[in-house]
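Engineer: generate coordinates for the sequence data below:
(2 chains)
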Protein chains: 2
Amino acid sequence: MTKHDLSLFSAVQSAEAIQNGRISSEALVEACLKRIEETDSVIRAWAYLDASVALDQAREMDRIRKAGRATGPLHGVPVGLKDIVDTNDMPTQRGTTIFSGRRSETDARLVEHLREAGAVIMGKTKTTEFAFMHPTDTTNPFNSARTPGGSSSGSAAAVAARHVPLAIGTQTGGSVIRPASFCGVYGFKPTQGTISRTGVFRTSVSLDQVGGFANSLEDIALLTDVISGYDQSDPASFARPRARMLEAAQAEVPVEPNIAWLDFPFDDRLDVDTVEGLDAVIDGLGGQVERFSASPQLSDLINVHKTIYDYEIRQNMAEISENHWLAISTEMQSAINRGAEISVTQYEDALVVMASARSFFTEYFNDFDAILAPSAKGEAVPLNAGHTGDSVFCLAWTLAGLPCLTLPFLVGQNDLPIGVQLIGAVEEDDRLLRTASWVQRSLNAQEQQGE
Amino acid sequence: MTKHDLSLFSAVQSAEAIQNGRISSEALVEACLKRIEETDSVIRAWAYLDASVALDQAREMDRIRKAGRATGPLHGVPVGLKDIVDTNDMPTQRGTTIFSGRRSETDARLVEHLREAGAVIMGKTKTTEFAFMHPTDTTNPFNSARTPGGSSSGSAAAVAARHVPLAIGTQTGGSVIRPASFCGVYGFKPTQGTISRTGVFRTSVSLDQVGGFANSLEDIALLTDVISGYDQSDPASFARPRARMLEAAQAEVPVEPNIAWLDFPFDDRLDVDTVEGLDAVIDGLGGQVERFSASPQLSDLINVHKTIYDYEIRQNMAEISENHWLAISTEMQSAINRGAEISVTQYEDALVVMASARSFFTEYFNDFDAILAPSAKGEAVPLNAGHTGDSVFCLAWTLAGLPCLTLPFLVGQNDLPIGVQLIGAVEEDDRLLRTASWVQRSLNAQEQQGE
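Structural biologist: Take a look at the predicted model:
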């Protein structure tokens, strides 16, 4: 045992300490495993975890370092993977009994990047069924009677509970941002196409996007740098340079950023503590935030999202639903049935609106560095609500493929975390992260002044 | 036109100047195209070059930069690809009429990395037939009556002639190191498995390795950083961090390195100017070089190499040779015929020796930072010799998968370049590059003192 609890180390800190030989990856992974052992009977974040598989990787990374061979940016740092991300050494069961014990022979492309970076693949974190709506049994680390949010339930919970400093999630609606908000961690879904989806279960080719969870802005930026990359076999992937995320998260803004707030008709769903908290954030940013009303076209994007999602999930679930209809949830059955009611024309019209939304936002971010928005309705909803929360505050941004980041800044009336969302321009994730760093420093300074 | 001839810029310099907006990628690519236009009727380095395809990429990289979007480490810098490396936008014809006009639908994995780095894929450079022995019509930029070496003939010639600052080659015997030596450029083949071979024509799964050409140590290191990466679909690729090449090339050695020289029986093939030049290098390194005699086992590795190469090339050429026997060269026909004479047992025995050679060298490099060796017999051989030179001085190192680097330090009796080879430990390419940088500085200092 070391005198520090290594499970509290950040990823940036851990990687540096391992590279300098001050701590071993084995000790770090052991500390994380201990934390998991102590708390996962309640939190239930892990769908698959084999301590020996994780420790073998950690020892290998320690051997490499001791031999003076090359180390990677996540050398020896454990990472959790949502249970829809394939690896060649662990099952990937997609949150359904239909795929119990399923193993892939190949790693997802993003797992190749993690291994090349020296990361330890800790295990698979629980996902809602097929990364859609039907909840898993994971509980919120802040309150075991609440949901961690979904669909990346286990990844958000595992990072919040310090089981791992980093975890991978995916977002088709709000499945990174909302669980991060509910669990009080940083969540980041970069520009669509930044991270490859090869080897990740597909629900919607137009909407599925990969993101991650961490306990600091630097950590989430470092993770994103590592897993970003061009992959011609993913139709959304772009053959251009990726933003340098960690560099951006550590940079100063050249001038104070311009931030927009858009009022949407569905803002009436926000809890009162969320509204108050966001108002305080806006006040705290000293006049840098301008408020506007969202146009009816913008507000309607949530319906466009629904059309595309229902239509595509039915396509992607075709074979599974044909063979296992009774083994899929009623939530999924309903979506598939809704998808069947959507005509090709309706779907194609929705794709056209999606494309025009993307053009609209490209123009929009000429005037603004970021949009400030709610991450979720409020605090995590009770488990007995039977769902993982409302994704409405994420749909428009996800549809437009914009980079979305949630910062764990607020606390609600039940002392549970509430996130603050920042949305940026496509392929300008670096500008978004610089802006977020400024927002964070400004609010921290404000808070200290207030004390 | 700018006042500088941009085709003389290094890759590191160009990438920096483009990122800072001091030059455009379009101007750089235009300068390279002009240089090609002026000299390629004699050099004949290019198998495929479409100025508009190259310029379109350059303009796109300029647009990205001007829009303030992310730039890559080779942003706007043109790179030539040996004509066995697939791209989805150009033919890949493998130096044979059998594949005239052949196009791939996919990019090689290393091309994905180049595009993600912002590189401009300039075109395809000429290769010997199937990257084996039968020469192409490319001439040496220093003397058009001489070979550029092979098999990566066009890549070495194009970099030497300043058609492009960087080009990709492959080495199964000595196909990066020898042409680099003949053309007076830096050639580097990193540790086997550092760079993916997916999308690169296979002649030998055990021996084929990817490398590159440049006009400086920093440039070759930067190129290698960009194209390195884990790829599970390549059986030689390793799931571990890669050495940071550019950082190493710019680093100081912690102590003066220990360098070994091994005398081989086949050293009697060396030209007298090569022997004298290498002796001067050894003298110049002030006692840091120890001379040994290679053991008979080490000397025999060249035969082990031949057994594996002939056996595997026959396997990989099976379908082509069956359908196109008359269209393949006599050199290739002979190799296939030799391969047919090798028994499975002989082949498997050779693989066992190869594995033991790898273990041997792992131990060996505990005592030495690098091996100093000839890159080739001497100056480039005349074209009318009908071959691209002798690869014997590369075979043992290639067989053992060691990182090999050639530095353009010597000049022969006909004023043609002769390279100096440095070989390092597996997966310690950074140590090799640091050592090379020290060698370079030491010899430069020596030369200035001598003047």
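
Engineer: so where is the stretch 301-450 of chain A shaky, pLDDT-wise?
Structural biologist: A:450 (pLDDT under 70).

Engineer: residues of it that sit close to chain B?
Structural biologist: Counting by Cβ under 8 Å from any Cβ of the partner chain, the stretch 301-450 of chain A comes close to chain B at A:427-431. Every residue, glycine included, has its C-beta placed from N, CA and C.

Engineer: redo that, cut-off 10 Å
Structural biologist: Within the stretch 301-450 of chain A, the positions near chain B by Cβ under 10 Å from any Cβ of the partner chain are A:362, A:425-431.

Engineer: now for A:Tyr347, how many residues are close by?
Structural biologist: 17 (other Cβ atoms under 10 Å in any protein chain shown).

Engineer: hmm, it is touching A:Lys306, no?
Structural biologist: No - taking Cβ atoms under 10 Å as the definition, A:Tyr347 is not a contact partner of A:Lys306, at 11.3 Å.

Engineer: list the contacts for whatever residue of the stretch 351-451 of chain A ends up closest to chain B?
Structural biologist: Closest residue of the stretch 351-451 of chain A to chain B, Cβ to the nearest Cβ: A:Glu427 (5.1 Å). Contact partners of A:Glu427, counting by Cβ atoms under 10 Å, 6 or more residues apart in numbering or on different chains, are A:190-194, A:238, A:240-243, A:362, A:401-403, B:64, B:67-70.

Engineer: what do you get if the cut-off is 8 Å, keeping everything else the same?
Structural biologist: The neighbours of A:Glu427, taking Cβ atoms under 8 Å, 6 or more residues apart in numbering or on different chains as the test, are A:191, A:194, A:238, A:240, A:243, B:69-70.

Engineer: could you say which helix or strand holds it?
Structural biologist: Per DSSP states H and E, A:Glu427 falls between elements, in no helix or strand.

Engineer: rewinding a little: select from the contacts of A:Glu427 the one having the most neighbours.
Structural biologist: Busiest of the contacts of A:Glu427 [other Cβ under 10 Å] is A:Thr194, holding 27 neighbours.

Engineer: chain B contacts on the stretch 101-250 of chain A?
Structural biologist: Residues of the stretch 101-250 of chain A lying near chain B (Cβ under 8 Å from any Cβ): A:106-107, A:112-113, A:115-118, A:229-232, A:239-244.

Engineer: strands along chain A, start to end?
Structural biologist: Using DSSP state E, the strands of chain A run over residues A:46-49, A:78-82, A:120-125, A:166-171, A:186-189, A:209-214, A:259-263, A:289-293, A:370-374, A:404-411, A:417-423.

Engineer: redo the ones you listed as CSV? Include distance to A:Asp390 and mean neighbour count.
Structural biologist: As requested, these are exported to CSV (distance: least, Cβ to Cβ, whole Å; neighbours: other Cβ atoms under 10 Å in any protein chain shown):
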stretch, distance to A:Asp390, mean neighbour count
strand A:46-49, 24, 21
strand A:78-82, 20, 31
strand A:120-125, 22, 28
strand A:166-171, 14, 29
strand A:186-189, 16, 30
strand A:209-214, 19, 29
strand A:259-263, 17, 17
strand A:289-293, 21, 14
strand A:370-374, 10, 25
strand A:404-411, 15, 25
strand A:417-423, 13, 26
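
Engineer: same list (the ones you listed) but as CSV, adding distance to B:Gly154.
Structural biologist: Converted to CSV, the strands of chain A look like this (distance: least, Cβ to Cβ, whole Å):
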stretch, distance to B:Gly154
strand A:46-49, 50
strand A:78-82, 42
strand A:120-125, 41
strand A:166-171, 42
strand A:186-189, 43
strand A:209-214, 39
strand A:259-263, 53
strand A:289-293, 57
strand A:370-374, 48
strand A:404-411, 46
strand A:417-423, 48
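
Engineer: tell me which of these lies nearest to B:Ser206.
Structural biologist: Nearest of the strands of chain A to B:Ser206, taken as Cβ to Cβ: strand A:120-125 at 28.7 Å.

Engineer: just give the number of residues close to the closest residue to chain B within the stretch 151-300 of chain A.
Structural biologist: Of all residues in the stretch 151-300 of chain A, A:Pro241 sits closest to chain B, at 3.3 Å by Cβ to the nearest Cβ. For A:Pro241, the number of neighbouring residues by other Cβ under 10 Å comes to 24.

Engineer: same thing with A:Arg244?
Structural biologist: Look at A:Arg244: counted by other Cβ under 10 Å, it has 21 neighbours.

Engineer: grab the nearest non-local neighbour of it.
Structural biologist: Spatial nearest neighbour of A:Arg244, chain neighbours left out: A:Asp430 (6.2 Å); criterion: Cβ to Cβ, 6 or more residues apart in numbering or on different chains.

Engineer: do I have it right that the one you found meets A:Leu246?
Structural biologist: No - when contacts are counted by Cβ atoms under 8 Å, A:Asp430 is not listed as touching A:Leu246 (9.8 Å).

Engineer: break chain A down into its domains, please.
Structural biologist: According to automatic domain parsing, chain A comprises the domains A:6-249, A:259-450.

Engineer: deepest-packed of those, please.
Structural biologist: domain A:6-249 (a mean of 24; mean count of other Cβ atoms under 10 Å in any protein chain shown).

Engineer: could you tell me the end-to-end distance of that one?
Structural biologist: 23 Å (Cα to Cα, to the nearest Å).

Engineer: circling back to that earlier point, closest one of the contacts of A:Glu427 to A:Val79?
Structural biologist: Closest to A:Val79, out of all of those and judged by Cβ to Cβ, is A:Thr194, at 17.2 Å.

Engineer: which residue packs closest to that closest one, ignoring adjacent ones?
Structural biologist: In space, and not counting its chain neighbours, A:Thr194 is closest to A:Ser228: 5.1 Å by Cβ to Cβ, 6+ apart.

Engineer: try A:Arg69
Structural biologist: B:Glu427 (5.1 Å).

Engineer: can you name the residue of the stretch 51-200 of chain A nearest chain B?
Structural biologist: A:Gly72 (3.3 Å).

Engineer: for A:Pro73, what are its contacts?
Structural biologist: Contacts of A:Pro73 (Cβ under 8 Å, 6+ apart): A:15, A:117-118, A:222, A:225-226.

Engineer: and the furthest pair within the residues you listed?
Structural biologist: Pairwise over the contacts of A:Pro73, using Cβ to Cβ, the maximum falls at A:Gly118 and A:Asp225, 13.3 Å.

Engineer: residues contacting the residue nearest in space to the middle of chain A?
Structural biologist: With distances taken as Cα atoms, centre = their mean, A:Val176 lies nearest the centre of chain A, 3.0 Å away. Residues near A:Val176 by Cβ under 8 Å, 6+ apart: A:152, A:169-170, A:187-189, A:211-213, A:404, A:406.

Engineer: ok, now with 10 Å
Structural biologist: A:82, A:149, A:151-152, A:155-156, A:168-170, A:187-189, A:209-213, A:375, A:394, A:398, A:404-406.

Engineer: and the domains of chain A as TSV, adding distance to B:Gly199?
Structural biologist: TSV is the format used below for the domains of chain A (distance: least, Cβ to Cβ, whole Å):
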stretch	distance to B:Gly199
domain A:6-249	10
domain A:259-450	26
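
Engineer: B:Leu270: which of the ones you listed is closest?
Structural biologist: domain A:6-249 (33.4 Å).

Engineer: could you give the mean pLDDT of that closest one?
Structural biologist: For domain A:6-249, the mean pLDDT works out to 98.

Engineer: list the contacts for the residue in chain A sticking out farthest from the centre?
Structural biologist: Farthest-out residue of chain A from its mean C-alpha position, per Cα atoms, centre = their mean: A:Ala67, at 35.2 Å. Taking Cβ under 10 Å, 6+ apart, we find A:Ala67 in contact with B:362, B:425, B:427-428.
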